[in-house]
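# coords please:
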Amino acid sequence: MTNPTSTTVPPGAEGAPVRAGRREWTALGVLMLPLLLVSMDVSVLYFAAPAIGADLRPSGTQQLWIFDVYGFVLAGLLMTMGALGDRIGRRRLLLAGAAAFGAASLVAAYADSAETLIAARAVLGIGGATLMPSTMALLRTMFTDPAQRAKAIGLWSGVMTGGIALGSVMSGVLVEHFWWGSVFLVNLPAMALLLVLGPVLLPESRNPAPGRFDWPSVPLSMAAVLPVVYGLKEIPSEGWHPRYVVSVAVGLLFAALLVRRQRAGDSPLIPPALLRGRGFTPALVLTLISAFAVMGSAIFTTQYLQSVLGKSPLSAALWSLLPSVLIGVAGPVTGHLVARGADRGYAVATGFAFSAAGFTLLAFAGTHSLWLVLTAAGVLACGAVMVMSQLTDLAMSTAPVDRAGTASALLETATEFGGALGMAVLGSIGTAVYRRDIPSSAPAAAHETLGGALAVAGRLPGRAGDALAATAREAFTHGMRGAALAGAVLLALAALAAAGTLRRIHVRPAPAAEAEPEARLA
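Take a look at the predicted model:
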């Protein structure tokens, strides 16, 4: 029996891929728990916000930080934690992150002030940044057989996508029956299980010759990521305010400095050779586009269910679960087809075509089109999972195993950027069309957002209020239509690009000079 705690084998000794057994698949199930919770934490506060506001009485700024600090810290530290895991060991970093995530969840559940909750959410972001790249890097070392790895990554992608939708629903159910802190306590059993079973089931793996850690690149990478993500996330609601444009510009400036340092450094945080691997950079770019579509569409479908159809937040969240039903099978089925000989480029192009079809369906929605919107969201999400599972498999298969953590972190960072960019661009298109369709005689608040228009309409007497509400809902659906058509065109172009750039790319094993961490557990 092979020792599950061993870290490397001699260079060139890996040989042919070994099929994973029951222990590896069990370990994958254990890895899915933290992944699900990390993705759920993005949306878990949606329904807890009113209860938190009544209990902790945060200021407006504090309430924004309670929501946003988790995602900002997570995005800013992904590249750092991916590189750190390659150096100190991915399992070690995963278990440390699980302990931090569990402890921060306990503090957040019983926070007695807004400041404490903000600090706990920041630590949750740090923990999440360790968990996400570590799970993918460990998956890469456990599944050396290409067909099995593709299936495992398909499952990983489905869990990641479904967790965001599940988080809001779980939040609504828990807050309805318990106090708001319960949305954090659900993290504890999963993290405890990971801490108990992780050392037994998960192999340790790391870069055997990592070199000096590039500490100056850590703040530089955060300075590159955080201002861009912040600016892009604020633009959809606040418009192209100079402050947000400057924020994006500052982030891009630091990104240029980061790239320059990585090219000149002896031991860079992000090795340029990784990006030069055939298929890796196209996978990053196409992953960004797919995330652009998913998050860009989500800002419209969630508002549509609540503000256009008038459903309660919990009811809207439950309805939004329906499109997720097929997500769990889209990735594995696509991986199975590729393993049996289907061209990966055409598989990714098909996924983009599905997502483009979903956007096209969304463009035909009116103010009473529940099932059409849900169908559109389901088709779009299935296409996105098909794309992301194949692109993740391609990127992780072509990247050297000693850089698996860094490769995974880059993919996750591309996803964060793509999601923020999708909300900014498609959200801005929708807002521009909405404001064009609102009559100039309408109150100022009605010109800003649909929510503002409905609030004003509720204060107007009789038919005047009903007319304004109907006009605002119609304007919103027109804005959604414009954004959906723009998204469909972009995804159609992405389908053509995928078919051209990924076609006939065959995964080659890492060079023998790079040591392969041992993946077999038995």
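# which strands or helices does the longest helix seen in the chain pack on?
In the chain, taking DSSP state H as the definition, the longest helix is helix 462-502. Using 3 or more Cβ pairs under 8 Å, 6 or more residues apart in numbering; DSSP states H and E, the elements in contact with helix 462-502 are helix 280-303, helix 344-363, helix 370-398, helix 404-437, helix 450-459. From N, CA and C alone the C-beta is placed, and that goes for glycine too.
# minimum distance to Met480: which of those helices has it?
helix 280-303 (4.5 Å; Cβ to Cβ).
# export the closest one to PDB, keeping only CA atoms.
Extracted as PDB, the C-alpha positions of helix 280-303 are listed here (Å, rounded to 0.1, in the frame of the first residue of the first chain):
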ATOM      1  CA  PHE A 280      -3.800  27.200 -20.900                       C
ATOM      2  CA  THR A 281      -4.200  30.900 -21.800                       C
ATOM      3  CA  PRO A 282      -7.100  30.200 -24.200                       C
ATOM      4  CA  ALA A 283      -8.800  28.300 -21.400                       C
ATOM      5  CA  LEU A 284      -8.300  31.300 -19.000                       C
ATOM      6  CA  VAL A 285      -9.800  33.700 -21.500                       C
ATOM      7  CA  LEU A 286     -12.800  31.500 -22.400                       C
ATOM      8  CA  THR A 287     -13.400  30.800 -18.700                       C
ATOM      9  CA  LEU A 288     -13.600  34.500 -18.100                       C
ATOM     10  CA  ILE A 289     -16.200  34.900 -21.000                       C
ATOM     11  CA  SER A 290     -18.300  32.000 -19.600                       C
ATOM     12  CA  ALA A 291     -18.300  33.600 -16.100                       C
ATOM     13  CA  PHE A 292     -19.200  36.900 -17.800                       C
ATOM     14  CA  ALA A 293     -22.400  35.200 -19.200                       C
ATOM     15  CA  VAL A 294     -23.400  33.500 -16.000                       C
ATOM     16  CA  MET A 295     -23.100  36.400 -13.600                       C
ATOM     17  CA  GLY A 296     -24.300  38.900 -16.200                       C
ATOM     18  CA  SER A 297     -27.500  37.000 -16.700                       C
ATOM     19  CA  ALA A 298     -28.000  36.400 -13.000                       C
ATOM     20  CA  ILE A 299     -28.500  40.000 -12.100                       C
ATOM     21  CA  PHE A 300     -31.500  40.100 -14.500                       C
ATOM     22  CA  THR A 301     -33.200  36.800 -13.700                       C
ATOM     23  CA  THR A 302     -33.100  37.400  -9.900                       C
ATOM     24  CA  GLN A 303     -34.600  40.900 -10.300                       C
END
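# got the angle for that helix vs helix 370-398?
Using axes from the mean of the first three to the mean of the last three Cα atoms, to 10 degrees, one finds that helix 280-303 and helix 370-398 are set 160 degrees apart in direction.
# which parts of helix 280-303 are buried?
Buried residues in helix 280-303, defined by neighbour count with 16 or more other Cβ atoms under 10 Å: 280, 282-284, 286-303.
# chain center to that helix: distance?
9 Å (Cα atoms, centre = their mean, to the nearest Å).
# got the contact list for stretch 345-353?
For stretch 345-353, the external contacting residues (Cβ atoms under 8 Å, 6 or more residues apart in numbering) are 286, 289-290, 334, 337-338, 383-387, 390-391, 491-492, 494-496, 498-505.
# repeat for stretch 447-465
237, 303, 307-308, 431, 434-435, 438, 442-443, 445-446, 466, 468-469, 471-473, 475-476.
# repeat that for stretch 18-35.
With Cβ under 8 Å, 6+ apart, stretch 18-35 has contacts from 94, 97-98, 101, 131-132, 135, 138-139, 142-145, 148, 152, 155-156, 159-160, 163, 190-191, 193-194, 197-198, 201-202, 519-522.
# buried stuff in that stretch?
For stretch 18-35, by 16+ other Cβ under 10 Å, it's 20, 23-24, 27-28, 30-35.
# any chance of those in TSV, plus pLDDT and secondary structure?
Below are the buried residues of stretch 18-35 laid out as TSV (pLDDT from 0 to 100; DSSP: H, G, I helix; E, B strand; the rest coil):
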residue	pLDDT	secondary structure
Ala20	67	coil
Arg23	83	helix
Glu24	83	helix
Ala27	85	helix
Leu28	85	helix
Val30	83	helix
Leu31	83	helix
Met32	82	helix
Leu33	78	helix
Pro34	75	helix
Leu35	76	helix
